[in-house]
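Colleague: Below: sequence and its predicted model.
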Amino acid sequence: GGAKSGHGRHRSLLVMASPETQWSWIETPPWDWKVPPGAAYEWFVARPIAIVLIIILALIVRWSIARAIDRIVRRASEGSVPAVLARTKAGEVLADLRPGAAIRRRERATTMGLVLKSMASGLVMAIAAIMILAEVGVEVAPILTGAGVVGVALAFGAQNFVKDFLAGINTHFARHKFAN
């Protein structure tokens with residue numbers, strides 16, 4: 001039935017479809033599956049292949065960066081001083097470290113390696129994700145703009161951190177210099 005009109009009550013409307021249009025919704029779905037002839041190949045072959053290639057390339061780049069970082073960490077944890085530094089005062093300080101320094105150096109190098117690998121992985125995957133979004137047809141300019149704004153905000157926020165970090169390194173080397 002019909003709805004009664006009154007204060008605070010809803011009205012319902014019942015529409016009777018003609019026999020010709022009653023079942024037409026089954027023959028034509030509410031979504032549009034009509035793909036233009038040239039776009040079918042692009043959407044179902046070219047873009048998926050491009051996305052898979054982006055993912056494979058990102059994984060290869062990530063693996064190669066991680067391998068390079070592992071090599072650097074291995075050299076740093078062994079305590080090898082580069083030839084350029086070996087002939088300087090800093091090279092003498094680095095070569096003549098106290099007992100237990102090798103263990104601490106190895107731990108620091110491993111920690112820094114893990115941090116660098118995480119940062120590199122995040123950066124490579126973020127770039128790959130943006131490239132995939134662009135391939136699908138998403139407008140990436142606002143995403144890149146937002147990333148730029150966040151980067152500037154982090155840079156301003158990290159100023160004190162970098163200042164404290166450099167002061168700590170300076171203090172560390174000053175202690176080492178006067179301890180000898």
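Modeller: Arrived safely, thanks for sending. Please read all numbers here as calculations on a predicted model, not as lab measurements.
Colleague: where along this protein do the helices fall?
Modeller: Taking DSSP state H, the helices of the chain run over residues 24-27, 37-41, 47-78, 83-86, 89-95, 101-136, 141-157, 159-179.
Colleague: Using CSV, lay out those helices together with mean pLDDT and mean neighbour count.
Modeller: All C-beta spots, glycine's among them, are computed from the backbone N, C-alpha and C. Below are these laid out as CSV (pLDDT from 0 to 100; neighbours: other CB atoms under 10 Å):
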stretch, mean pLDDT, mean neighbour count
helix 24-27, 54, 8
helix 37-41, 75, 9
helix 47-78, 94, 14
helix 83-86, 61, 11
helix 89-95, 65, 14
helix 101-136, 90, 14
helix 141-157, 91, 10
helix 159-179, 75, 10
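Colleague: In contact with the closest residue to Ile143 other than its chain neighbours, which residues are there?
Modeller: Closest residue to Ile143 in three dimensions, ignoring its sequence neighbours and counting by CB to CB, 6 or more residues apart in numbering: Ile130, at 6.2 Å. Shown in contact with Ile130 (CB atoms under 8 Å, 6 or more residues apart in numbering): Val140, Ile143, Leu144.
Colleague: Let me have those in TSV, extended by distance to Val124.
Modeller: What follows is the contacts of Ile130, written out as TSV (distance: CB to CB, whole Å):
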residue	distance to Val124
Val140	16
Ile143	16
Leu144	16
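Colleague: which one of those sits closest to Val73?
Modeller: Checking the contacts of Ile130 against Val73 with CB to CB, the nearest one is Leu144 at 31.6 Å.
Colleague: tell me the contacts of the closest one?
Modeller: Applying CB under 8 Å, 6+ apart to Leu144 gives the contacts Ile130.
Colleague: how close does it sit to Ala128?
Modeller: 14 Å (CB to CB, to the nearest Å).
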